[in-house]
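A.B. asks: have a look; sequence and predicted model below, questions after that.
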Amino acid sequence: MVTDSNPSAASALSLQPAEAVDALRDQLNRWAHQYYVLDEPTVPDAEYDRVFRELQALEEANPDLITPDSPTQRVIGGVADGLAPVRHAVPMLSIHTETDTEATGAQAFDARVRRELGLAESDPAIEYVAEPKFDGLAMSLRYEGGRLVQAATRGDGEVGEDVTHNIRRIRQIPLILPAGVPPLLEVRGEVYMRRADFDALNERQREQGGKTFVNPRNAAAGAVRQLDSDISARRPLSFFAYGLGATTPVNEGGQAFITHYEMLQTLKEWGFPVAAQVQIAKGAAELVAFHQQVGASRDQLPYDIDGVVYKVNRLDLQRDLGFKTREPRWAVAHKYPAQEMATRVEGIDIQVGRTGKLTPVARLAPVFVGGVTVTNATLHNLFEIRKKQVRVGDTVIVRRAGDVIPEVVGVMPGQRPAYVPNFRMPRQCPVCGSDVVREPGEANHRCTGGLFCAAQRKEAILHFAARRAMDIEGLGDKLVDQLVEANVIRTLPDLYRLGLTSLVALERMAEKSAQNVLVALEKSKQTTLPRFLFGLGIRHVGESTAKDLAKHFGTLDAMIGATAETAATVEQLLEVPDVGPIVAQSFYTFFQQPHNREVIEQLRACGLTWPEGAPAEKGAQVLAGKTIVLTGTLPTLSRDAAKDMLEAAGAKVSGSVSKKTSYVVAGEEAGSKLAKAEELGVPVLDEAGMLALLAGGPAA
């Protein structure tokens, strides 16, 4: 049996907790963006789950590092260009995943539920609903007066995309419901593509010389998010219902349900498809039996699943159990083992990432694994190759867990040619020809080309333009690719030198779209120092660290001045909260490079500005020690802007209301958080009251 011994990037680098958390969050956010927004996943689910669990473990061990925007605290996703945003009346949360592939996954969930409900061993078994875990796209269908009026993707859980025009083309979804349904009804479910339909679609694409799709999930997601519904109609989609969102209250004509299973049966009566495998299971033993039963028939199902889902059946018990941040306590997803196949390594290529990291990638003889033809797999770094003893020509075990890029688990012994040399990392970057180095104590090799390396330029610009950095709307992957490939953009300051003519000259760039990009660029010039620092992509300097640095030094010039001497720099940086030697050295190295300082000066010359002030003194901030919760839409400030202002004043901005909350700042459409504050007697402020508080006066 070949075992998986892959370390994560963070553990391989032996980072300090805060630095490791930043690194893991950055990686998870990028993977999630590729998966949910671009519909172009780059790592298997198993790899994402492993890194996610590592982040969870780090945060549990260091609770002071938990922030509301951590992937563990929210659902990750986004709204694609061209689709209108839809705010969910009831958030579409993700479900906690048990990756243990044996019986203990079900047993651990049952034990946890019983413990949280305060049940003794002698109490009866809990009744659950067990369902397949579909590999598709989560969808919310809103019916008003029995008619479908809106369909929205999950997005980030709070805001999804309006895809009504495409969902209306799915024949399994009723457009009109029978009499007697609640006046308002939101049905939650999964849009997917059957395997036979997927195979037929790819066959048509090949005959027409078009792009083939890697798996049914991404073909379905791409179809749902098309702007042209005729394209969607040519990609046969299906739907399964599995829950409800917002509904009319019972006292106003809504439907009363006692159990989750009863609700699913009613959805069937109203015309919605519900998976035939759904059944009631009592206690852990029957959950285990269901997991094994469905797993045994998994390959015979007409659609892809990657596990099963267990939900507490009684709705009153669901309400008692409640939620934990981004996940319901009353449900869990239990995955199946990753599928494995043998294939041959035909070559090892090198990919260069945003930070200059060189990643070896195994080029494989095509192999069909888990419903997908696999041709490459990441090898992580040279040390991983040496550990697994992978060489060109080897027959290897490839594991796929429901995603595009699998992993090489290990080498099959006894099948290597007589002599095969060890793989060696290149001394020069394959993209720009710059020297490749490996820092002491690091597992990864890196290109020294920085912003001069084309591979790094593309990713550096995308990072700079990201929402939590400079927030340049419309500057996405395809546009950046065109700008860099055409040599219109060579460095970050070139963004602010773009003109309408150069943008309109690009493929598929209309004048209106070009003008929108220019407006977004102009708007981004007014930013904050933490956002600017984070946007520069300094190695190991994540969003949280950038805020700490800005708070400590006060001005960018003070930071640059602090890099004059190595010893002084490291000593000063170590005074910043959560900054250790690795961050200090990385920060110093970045500002020591003349081209980096030149880029910063050019950006300032282009008009980028931010509020600056004196370094923060301990205890001098007006909201030091206060915990504040933001909810609803403020009149003039975005949620991010308000959060930045509060944190700059020393406040901790939390995502949940408790007795320890100092204030709740509420805007329009404030929901459960406002109600919770009123219930607990927590002071509630509007935007004006918050600004008065920031100014040091009494809250209005």
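C.D. replies: Here it is on my side, so go on.
A.B. asks: state the number of residues packed around the residue nearest to residue 486 when sequence neighbours are not counted.
C.D. replies: Of all residues not flanking residue 486 in the chain, residue 506 sits nearest, at 7.1 Å (C-beta to C-beta, 6 or more residues apart in numbering). Heads up, the C-betas are built off the backbone N, CA and C, glycines and all. By other C-beta atoms under 10 Å, 16 other residues sit near residue 506.
A.B. asks: ok, residue 506 to residue 327 distance?
C.D. replies: According to C-beta to C-beta, to the nearest Å, residue 506 stands 42 Å off from residue 327.
A.B. asks: what does residue 285 give?
C.D. replies: From residue 285 over to residue 327 the distance is 24 Å, taken as C-beta to C-beta.
A.B. asks: for residue 107, give me its contacts.
C.D. replies: Counting by C-beta atoms under 8 Å, 6 or more residues apart in numbering, residue 107 touches 284, 287, 288.
A.B. asks: switch to 6 Å and redo it
C.D. replies: residue 284 (C-beta atoms under 6 Å, 6 or more residues apart in numbering).
A.B. asks: what ranges do the helices span in the stretch 1-150 of the chain?
C.D. replies: Ranges of helices in the stretch 1-150 of the chain, per DSSP state H, counting those that start in this stretch, are 9-12, 17-32, 45-61, 104-117.
A.B. asks: lowest-confidence stretch among these?
C.D. replies: Least confident of these, judged by mean pLDDT, is helix 9-12 with a mean of 42.
A.B. asks: what number of residues lie near residue 505?
C.D. replies: Here the count is done by other C-beta under 10 Å, and residue 505 has 13 residues near it.
A.B. asks: kindly report the same for the one 3 residues further on.
C.D. replies: Taking other C-beta under 10 Å as the neighbour definition, residue 508 ends up with a count of 8.
A.B. asks: for residue 522, same thing?
C.D. replies: Residue 522 has 12 neighbours, counted by other C-beta under 10 Å.
A.B. asks: okay, residue 285 and residue 327: which has more neighbours?
C.D. replies: With neighbours defined as other C-beta under 10 Å, residue 285 and residue 327 compare such that residue 327 has more, 18 against 14.
A.B. asks: report the beta-bridge partners for that one.
C.D. replies: Beta bridges link residue 327 to residue 324, judged by DSSP bridges.
A.B. asks: how close does it get to residue 649?
C.D. replies: From residue 327 over to residue 649 the distance is 31 Å, taken as C-beta to C-beta.
A.B. asks: what sits against residue 139?
C.D. replies: Contacts for residue 139 (C-beta under 6 Å, 6+ apart) come out as 189, 191.
A.B. asks: pLDDT at residue 370, what is it?
C.D. replies: pLDDT, residue 370: 59.
A.B. asks: same question for residue 214.
C.D. replies: On the pLDDT scale, residue 214 gets 58.
A.B. asks: out of the helices of the stretch 1-150 of the chain, which is the most enclosed?
C.D. replies: Compared across the helices of the stretch 1-150 of the chain, helix 17-32 shows the largest average neighbour count, a mean of 21 (mean count of other C-beta atoms under 10 Å).
A.B. asks: from the chain's centre, how far out is the helix or strand where residue 185 lies? Work that out for me.
C.D. replies: Using DSSP states H and E, residue 185 sits within strand 184-192. Offset of strand 184-192 from its chain centre (C-alpha atoms, centre = their mean, to the nearest Å): 22 Å.
A.B. asks: quick check: the gap between residue 106 and residue 335.
C.D. replies: Using C-beta to C-beta, residue 106 is found at 12 Å from residue 335.
A.B. asks: ditto for residue 105
C.D. replies: 8 Å.
A.B. asks: and if you look at residue 449?
C.D. replies: To residue 335, residue 449 is 40 Å away according to C-beta to C-beta.
A.B. asks: same check on residue 576?
C.D. replies: Residue 576 is 40 Å from residue 335, where distance means C-beta to C-beta.
A.B. asks: over to residue 430?
C.D. replies: With distances taken as C-beta to C-beta, residue 430 is found 36 Å from residue 335.
A.B. asks: between the two, which has more neighbouring residues?
C.D. replies: Taking other C-beta under 10 Å, residue 430 and residue 335 do not tie; residue 335 has more neighbours (22 against 14).
A.B. asks: pretty sure that one contacts residue 307?
C.D. replies: Yes: the pair residue 335 / residue 307 is scored as a contact, 3.8 Å apart, by C-beta atoms under 6 Å.
A.B. asks: dump the residue contacts of residue 444.
C.D. replies: Neighbouring residues of residue 444 by C-beta under 6 Å, 6+ apart: 357, 381.
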